[in-house]
Structures are given as C-alpha cells and as structure tokens.
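Q: what would the 3D arrangement of this be:
(2 chains)
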Number of protein chains: 2
Amino acid sequence: MTSSLERQKLIRSVAEAARAASRIVARATEDQRNQANLAIADAIDAATTDILAANARDLAGHPDLAPALRDRLMLDEARVAKLAGAVREIAAQPALVGRVEGTEVRPNGLQVSRVRIPLGVIAMIYEARPNVTTDAAALCLKAGNACILRGGREAAETNRALLRAVQVGLAKAELPAEAVQLVPVTDREAIAELVKLDDLIDLCIPRGGEGLIRFVGEHARVPVIKHYKGVCHVYVHAAADVETAIAIVRNAKVQRPGVCNATETVLVDRAIAGDFLPRLLAALPEVELRGDDDARGIIAIGAASEADWAAEYLDLILAVKVVDDMAGAVAHIERYGTCHTEAIVTTERAAADQFLHDVDSSTVLVNASTRFADGGELGLGAEIGISTTRLHAYGPMGAEGLTTTKFVVRGTGQIRS
Amino acid sequence: MTSSLERQKLIRSVAEAARAASRIVARATEDQRNQANLAIADAIDAATTDILAANARDLAGHPDLAPALRDRLMLDEARVAKLAGAVREIAAQPALVGRVEGTEVRPNGLQVSRVRIPLGVIAMIYEARPNVTTDAAALCLKAGNACILRGGREAAETNRALLRAVQVGLAKAELPAEAVQLVPVTDREAIAELVKLDDLIDLCIPRGGEGLIRFVGEHARVPVIKHYKGVCHVYVHAAADVETAIAIVRNAKVQRPGVCNATETVLVDRAIAGDFLPRLLAALPEVELRGDDDARGIIAIGAASEADWAAEYLDLILAVKVVDDMAGAVAHIERYGTCHTEAIVTTERAAADQFLHDVDSSTVLVNASTRFADGGELGLGAEIGISTTRLHAYGPMGAEGLTTTKFVVRGTGQIRS
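A: Now for the predicted structure:
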C-alpha cells in the first residue's frame, strides 16, 4: 500500500509525464500518429496469446463478478481481433489536427482562421471493459493527445497486457511511451487525486456506473464530460404506421437491452393506443410491460409506479404510458428523460419536425430505433463516450470531441486603433 | 440579511424560473428573439436618464473604488448609447439556433444532421462593468438561452436600471421576464449556491479578477468557462522587419495597457536584438522596460526577476528577453504563457508557420498586434468572454459559444441488426 502523500506524488508524476508527451504527440505528423495506431493494432494481434492469458487471470481472480460485468471483461480471439480492427479503423479516419475551419479576411486585411488542435491530456476513468483501453488510446493519439487510463481493478491484468501492445506501437512510431499511461493504482483515492490536477489534465471522461461518474464529478477540478444513464423513449404518434412502430420498439428494447441507448419507456398517443398496445403486447412476449392506468385499461399488464418512469432498466422491462398528444409526450420526456436519445414514429412530416424541434435530447430520431445513437452508426467512427451534458460535446463523441480550435491570424503589420 | 437556508431557497427559485423560461426562449422563433433584443435596445435608449441617475448613485455610494474600476463602472450618455448599439448589432447577427451543420446519409439510408441548439441556462458572474449586463442578456437571448446575472455590488443600482430596460424589451416580444434575471443578493455565498445547481444551470462564465474566477472554480458543480489572466507575448524573429516589430510592440503594449490582450513580454532573437532593442527603447519612452542579462547588455534598463516573466502587468511595464531561436521563444511561452495570445513578427513564411503550429495559445498571430484577440476584431461580433481553457470554447467566445449541437436523425423505419 502507498501512503497518501506517495500516491499524490505518483499520480502527479504520471500527469506531468503525460503533459510533456502530449506536446510531442501534438507536434508529430498525422502520418506518424497513424503509423503508431497501425503498429498498435499489429502489436495487439501479435500479443493475442498474452492478452488472453492475462484476461483469464483477471476472470479467475474475480469469480464473484456479476454475469453482465463478466461478459464485458471476457476476451476471446475474435474479440481481441476486433480490438485491433477498431484501432486500424481509427487510423484510417480523416485527419483532424491542423484542419483549417473557415477562413475570413477582415476589413483591415487580417486573415482569420480557426485551426483544429488537440486538447492536450485526457484522463479516461472506466470500469471493466478492456476495449475502452485500446479505443481510448487510439482515439487520443489520432486527435494528437496524450492519455492517462485508469481502468477497473478487475481488468488490471488485461489492461496491462493491452498497454504493452500499445507501447510496442508507440515505440515503433518513435512516439514517447508516456503518451499512453495506465495509472498504477486503482483505488478511488487515486481517481480523486488525478481529477484535481487542472494544471496538467485538460479533460476527464468517466465511463461506467452512476456511482463512479458522480464520484468523479464531486472531486473534479478538471473539466468532465459526463454520461449519466440513458432513459430513452419511443413516442408512437397518432399518425404512426403501427407496423413500423412495433418493429422499432421491439428493436429498441430487445436487440440489446443492457446498453444505454435501449428504450425504457414507450409513449403512445391516445388516438392510436387501442390499435397499437395489443399488437405491442403480442410482439414482445419476452418483455415485462408496466403501464399507467390508461394503458392497463387496454391491455392486461402490471402497473408502472413513479419510479418506473425514471428507471434505466437495462433489462427486458418496458414502461408504457398513454399521452393525450405531442405536448404530453414532450412534457413527459422533459420530466423523466436524461437528454440521451428519443424517437418519434409518425408518417406526418409536420409532427416529426415538431418533435425534433421541441425535444432537446442529444440524439432525436424519426422512424428509427434509439439503438442508432452510437458514434459508429452516426458516422463518427469509434466513440469515446456519449455526453449527456451540453458543454463541448453533446451525444456520441468521437475523435473530434478530443480536439478544439485556436484562432490563427495572419497580418501584414496591422495594429489596432 | 437572509439566512443561509433562505438564500439557498431564493437562489434555487431563481434558477428554476430560469430553466422554465429557457425552454420558452429556445422554442421561440429567431424573429421573436431578435425583436426582443431590438426592443431592449430601444428601452435602453429611452431609459438613459434613469440609467445615468442609478449609475450616479452607485458611484456616489462607492467613493473608494480604484480609478480603473471607477472608469469601468461610470456611464455617460455616449456609453449608454453604445450599450444599446451593441444589443442592436447582436440582433443583426445571423441566426444560430436551428442551423443545420452537415447532413450525411448513412449506408442504411438514415439521414444524420447536427442541428445547433441553445445551451439552456447561463450564469454570468462578473464585477463592475455594466456593459456585461446588456451584452450577456442580448447574446444569451440571441443564442436561445435564459441567463442569470450576478453583477458586482458596486454596480447594483446601474444593473437594476439596465434590467428594467431588458424587461421592457422581453415583455414587448412576449418572452418571459425570467429569461433574464439579476441575482437579488450579491454576496459570495450566493455565488457558491448558484454554481452548485448542476440540475438547473448549463454553464457558468465568471469574468473579473483572478480571485473571483478561482472562487467560482472551487465551488462549481456546473461547467465553468474560465478566463484567467493574459500574459501575452510578441516574439521578434531574426527575420523580422524591425519597423513592423516596433509598431506592433508599441501598439500591443501602449494602446490600452489595462486589458488582457495587451502584451506583457517581448522575446527577441539574439541575431536581431542589437538592432531591435535600442530602437524599441527609443520608441517606448513612457514604458518601463525590464530585461534579462542579455537585453541589459544591449540597452540600459532594469532587471527582470523570475516574477516578471509571469506578470500580467496591465500597466506601462514591459519585460524583455533575448532568446537563441524559435525553440527558445516557444519554450518560454510554454512555461510562462497563459494560453491567451502570442504573436510573431517575421518576414519568413516558414518561421511564421512554425510558430503558428508550435504555440498552442487560443489566438496566435503573425505580423499583427496581440490587441486583435477580441471577438469583434476576429469577426465573432460581441464577445461574452475569452476562454483560456480548451473545453467547449477556446479564445474569444461569441453567441455561438452559447450553443451546442444535437444529432437529428430521419429514418424510414430502420432498426439495428
């Protein structure tokens, strides 16, 4: 065990090394950063046996993990190949660093541009998922940043094995080892120390349970992009095509119920509820429906309590509520939604436009499953997280969210009068 | 005096009213928001007598204000007319809310757009400057937000008079009075309460002295865009045109020394120092120069201490240092700069490009005065502040910095497989 002061020194030295490395990564060429990612992907492939052995030790060392966590932690050959593939895809994405965005010549002749630059040092704090280790490393490098990774205790061996592969890639591209570091202590106190270092860290992204994210929020002095829970809604409008609505709700609930963009509540217009709800019940035999009084007047299902409207079930349970009209649906989403993802099913363009305008969630959809709220599906490439707070990034966040812009001004001796 | 609990309730009720109003402002039309701003400008003009009387009471009530603060607080007819003019200019800016940014059709036919939306509720915390009251109100309305203003104690009467004009404008455009509110208590505890309300406030922007900004940073649970001090540099490169360099340094130091984009340190290449420094000394008779040993070997000036390199003088004092080359200049800026604004003077394109690439300040210039780091000068229109932290906004920040984007997805029944 390290003492509090030793831990503080250790964390600070990690962050100082990251800051120094971030300058080198930022000034490297795009080609060099891409070469690093390609070499990392190759090194992951080459180290498959080591990575699987480390993963087996993690799994054996934590026999009491919940099945969902165990599944997230577990790697096999196909999953390791997928980790490498994701890193290669990130390398193939278009360049961000140095991209010139909008140039304007001012009346005094100054030529003003905004140029995309890295954020600097990113701290990722996450739980069991090993793919976050390689995705975050690759996305941060692509965007010209250094990163500090603090994965979960239960994945410690796996993450160390993955980091060794990352280091091989960095070395091949002649980028500093400190560009991607694992925090060598995994207790919460280490997190608290890390997120205080606002002179060395530019952004912290916590990914995991609500407890972890709140802990980071409470201790952070550095900016944090938070992703709380996703209580996603599908609103079945009076003018919905019922077949489409059923297919979308089924997909949004059943295809992968344990993820944040799965739908938790269906809102249905009173005018169409008598047609829609019995067909919904028939189409979701494996799902437990919980309804308000109006819904229960139409189909025989259990009662939803107040807690159900705010619940992120992450399970085969679906809350169902009858609303009078769009205003009722929007008001319900405003009250219980989490700014994650909401969809409307309708054949009326005006109704679709109204919903898209009035609902201020980070992703709003018409006639499509909420499961599309995902960086890859929306065209961003791999995602580093989904932000449900509005500053800097809102919704799925890819490599571009790990950059900012500076003003670049070219003059010919202009002075201000 | 209010008790701690009463204050807490009061601040929370202000923020709750702002949240409700923000939804109405966001859903209003662009025309309605512009009409509100035009009506506010007219109301400011019409209330000139009242505003000046209130300002006179503030000035009389705070006889001990430092001259610089007194000048910032003081209004006259011309300054009131300028406040109204700035609001009209903001109304005339192009629409931001609802702007569609990039639409892409995915292989599955989903049409994915990003649409610009308001942030929600903005808290502005500032000191004596009354123009922040009207600029912030107008910029927040333009961007579709509600705002909570907490101005300095010494400007309380002036701010109340300005708020009455804002309220006249809001009423004329049928927007809620709660869209722009002044916090009715001005003690620091009120700030601490306000910046904790992360369920109601989307962004806090503190403007003022370092003490105020640190106080906000320490108490905030809401995202904060900070603007610490500006220690700006001009680097006179070996290939500089010396006349241009002298004119730029003179402008950057002398034209308005008390502002954050004034230059505090000049770095000069050794190769050109013997030519440049004597002419600099002659060209800045009213400025106290403080130099390193190398500079003092060329011109007879006082010595700069370590503290000088980090000083934001805001005064007619200039630190001068001789560097070996660009690497030396960049390293100095990295160590002592504040990510605000730095300029290079050079006739060599390659040197200019290198400096623009290597210096990661929010505004970097070639052959132009640092005084151009300003929203108006860079083409953003009125600015709500200058961010020296990289999240969300970096550098001068106008109305666009008070918005974000959401993903809008139009489908035809797509589900995820």
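
Q: and A:Pro245, what is it in contact with?
A: If you look again at residue A:245, you'll see it is Ala, not Pro. Contacts for A:Ala245 (CB atoms under 8 Å, 6 or more residues apart in numbering or on different chains) come out as A:Val234, A:Val236, A:Phe276, A:Val345. In this view, the C-beta of every residue, glycine as well, is placed from N, C-alpha and C.

Q: do the same with A:Leu110
A: A:Val409, A:Arg410, A:Gly411, A:Gln414, B:Ala368, B:Phe372, B:Glu377.

Q: just these: which are in helices?
A: Using DSSP state H, no member of the contacts of A:Leu110 sits in helices.

Q: now for those residues: which two are most distant?
A: By the measure CB to CB, A:Arg410 and B:Glu377 form the most distant pair in the contacts of A:Leu110, at 13.9 Å.

Q: most proximal residue of the stretch 151-300 of chain A with respect to chain B?
A: A:Asn251 (3.6 Å; CB to the nearest CB).

Q: quick one: that residue and A:Asn367 touch, right?
A: No - using CB atoms under 8 Å, A:Asn251 makes no contact with A:Asn367, being 11.9 Å away.

Q: how many neighbours does A:Ala300 have?
A: 10 (other CB atoms under 10 Å in any protein chain shown).

Q: hmm, A:Ala304 is touching A:Gly291, no?
A: Yes - counting by CB under 8 Å, A:Ala304 touches A:Gly291, with 5.7 Å between them.

Q: neighbour-wise, which of the two wins?
A: Each of A:Ala304 and A:Gly291 has its neighbours counted (other CB under 10 Å); A:Gly291 has more, 25 against 22.

Q: the more buried one pairs with what?
A: A:Ala303, A:Val320 (DSSP bridges).

Q: let me see the contact set for it.
A: A:Ile299, A:Ile301, A:Gly302, A:Ala303, A:Ala304, A:Ala319, A:Val320, A:Lys321.

Q: now, of the residues you listed, which are buried?
A: Taking 16 or more other CB atoms under 10 Å in any protein chain shown as the criterion, what is buried in those is A:Ile299, A:Ile301, A:Ala304, A:Ala319, A:Val320, A:Lys321.

Q: pick the one among the residues you listed closest to B:Gly61.
A: For these, the nearest to B:Gly61 is A:Lys321 (55.9 Å; CB to CB).

Q: hang on, isn't that closest one packed against A:Glu264?
A: No - using CB under 8 Å, A:Lys321 is not in contact with A:Glu264; the gap is 11.3 Å.

Q: which stretches in the stretch 1-150 of chain A count as helices?
A: A:4-27, A:30-46, A:48-61, A:67-73, A:77-92, A:130-142 (DSSP state H, counting those that start in this stretch).

Q: now for the contacts of A:Ala245: which two are most distant?
A: Farthest pair in those, by CB to CB: A:Val234 and A:Phe276, 11.0 Å.

Q: closest to chain B out of the helices of the stretch 1-150 of chain A?
A: So among the helices of the stretch 1-150 of chain A, helix A:4-27 is nearest, using CB to the nearest CB, at 6.4 Å.

Q: tell me what the closest one is packed against?
A: When contacts are defined as 3 or more CB pairs under 8 Å, 6 or more residues apart in numbering or on different chains; DSSP states H and E, helix A:4-27 packs onto strand A:111-118, strand A:121-126, strand A:146-150, strand A:180-182, helix A:188-194.

Q: so it versus strand A:111-118, what angle?
A: 130 degrees (axes from the mean of the first three to the mean of the last three CA atoms, to 10 degrees).

Q: residues contacting helix A:4-27, please?
A: So helix A:4-27 is contacted by A:2, A:33, A:97, A:117-118, A:120-121, A:141, A:144-148, A:175-179, A:181, A:183-185, A:189-190, A:193-194, A:197, A:200-201, B:334, B:357-358, B:360 (CB under 8 Å, 6+ apart).

Q: now do 6 Å
A: For helix A:4-27, the external contacting residues (CB atoms under 6 Å, 6 or more residues apart in numbering or on different chains) are A:118, A:120-121, A:144-146, A:148, A:176, A:178-179, A:181, A:190, A:193-194, A:197, A:200-201.

Q: same question, stretch A:274-287
A: By CB under 6 Å, 6+ apart, stretch A:274-287 touches A:Val236, A:Val242, A:Ile246, A:Arg250, A:Lys253, A:Val268, A:Ile298, A:Ile299, A:Leu316, A:Leu318.

Q: mind doing that once more with 10 Å?
A: A:236, A:238, A:240, A:242-243, A:245-247, A:249-250, A:253-254, A:257, A:266, A:268-269, A:273, A:289, A:291, A:294-301, A:313, A:315-318, A:320, A:322, A:345 (CB atoms under 10 Å, 6 or more residues apart in numbering or on different chains).

Q: ok, back up a step: who wins for neighbours among the contacts of A:Leu110?
A: B:Ala368 (30 neighbours).

Q: ok, and the closest non-adjacent residue to that one?
A: Spatial nearest neighbour of B:Ala368, excluding adjacent residues (CB to CB, 6 or more residues apart in numbering or on different chains): A:Gly411 at 3.0 Å.

Q: quick one: the one you found and B:Thr370 touch, right?
A: No - counting by CB atoms under 10 Å, A:Gly411 sits too far from B:Thr370 to count as a contact (11.1 Å).

Q: shared neighbours, those two?
A: With CB under 10 Å, 6+ apart as the test, A:Gly411 and B:Thr370 both reach B:Ile248, B:Ala343.

Q: run a quick neighbour tally on A:Ala331.
A: 13.

Q: which ones are touching it?
A: A:Val323, A:Asp324, A:Asp358.

Q: what helix or strand is it on?
A: Assigned by DSSP states H and E, A:Ala331 falls within helix A:326-336.
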